[in-house]
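Chemist: I'd like to go over a predicted model; first the sequence, then the structure.
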Amino acid sequence: AWIERRRHKLLFHIGQYAEKQQTWSLAETAYLASGYPGARQRCIRVLEKMGASAAALELLNQAIAAPESDAEVQQLMRSAPRLNRKLGLQKPEKKAAIEIHTLHLELPYPSEDFYVEHVVREHLHQDDAPVFYVENALLNSLLGLLC
């Protein structure tokens, strides 16, 4: 497994070198053979430079179907409109926005002096699900522990 990872990394570096030398076919071959992170994205760029936009879009769709990381998805989504434009296709549909769940509280006005955060804490607190108000203390404490 270690040798195979090293081989993929070497193929990736060969692809980068070939890309710098503008030896597009060698770069494509090296990137396709490499399983190193980022190799598919680089191969898509090489295919674009070679003028093989259809092959680049096909590889892009394969990569979107089985991404290696969130970073790759972001890069692919930036490349997709450009490839679609080159091929005269419509823009890919954007994913629907994630629904954000909100909680609206209307609590009775307290009779004594209060902080809103503390009133909400008391309202939401349960024995099996305690609520703590930490404001900025949590991150500062975690950073202090880390240091």
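Modeler: Sure, I can see it.
Chemist: for stretch 41-49, which positions count as buried?
Modeler: In terms of neighbour count (16 or more other C-beta atoms under 10 Å), stretch 41-49 has its buried residues at 41, 42, 43, 44, 45, 46, 47, 48. Any C-beta I mention is one placed from the backbone N, CA and C, and that applies to glycine too.
Chemist: Am I right that the last one is in contact with residue 83?
Modeler: Yes - counting by C-beta atoms under 8 Å, a contact exists between residue 48 and residue 83, whose distance comes to 7.0 Å.
Chemist: tell me, what's touching those two both at once?
Modeler: Residues touching both residue 48 and residue 83 (C-beta atoms under 8 Å, 6 or more residues apart in numbering): residue 56.
Chemist: returning to that earlier point: ok, the buried residues of stretch 41-49 vs residue 98, which is closest?
Modeler: Nearest to residue 98 out of the buried residues of stretch 41-49 is residue 41 (C-beta to C-beta; 24.6 Å).
Chemist: ok, now how distant is that closest one from residue 20?
Modeler: To residue 20, residue 41 is 16 Å away according to C-beta to C-beta, to the nearest Å.
Chemist: ok, now residue 49?
Modeler: 12 Å.
Chemist: Next secondary structure element downstream of the helix or strand hosting residue 61?
Modeler: Using DSSP states H and E, residue 61 sits in helix 53-65. Next along the chain after helix 53-65, taking DSSP H and E as the criterion, comes helix 70-87.
Chemist: quick one, that following helix and helix 53-65 angle?
Modeler: Relative orientation of helix 70-87 versus helix 53-65 (axes from the mean of the first three to the mean of the last three C-alpha atoms, to 10 degrees): 150 degrees.
Chemist: And the pLDDT at the closest residue to residue 50 other than its chain neighbours?
Modeler: Using C-beta to C-beta, 6 or more residues apart in numbering and skipping residues adjacent in sequence, the residue nearest residue 50 is residue 24, 4.6 Å away. Looking at residue 24, its pLDDT is 94.
Chemist: Equivalent analysis for residue 142, please.
Modeler: The predicted local confidence for residue 142 is 88.
Chemist: tell me, how many neighbours does it end up with?
Modeler: Residues contacting residue 142 under the criterion other C-beta atoms under 10 Å number 10.
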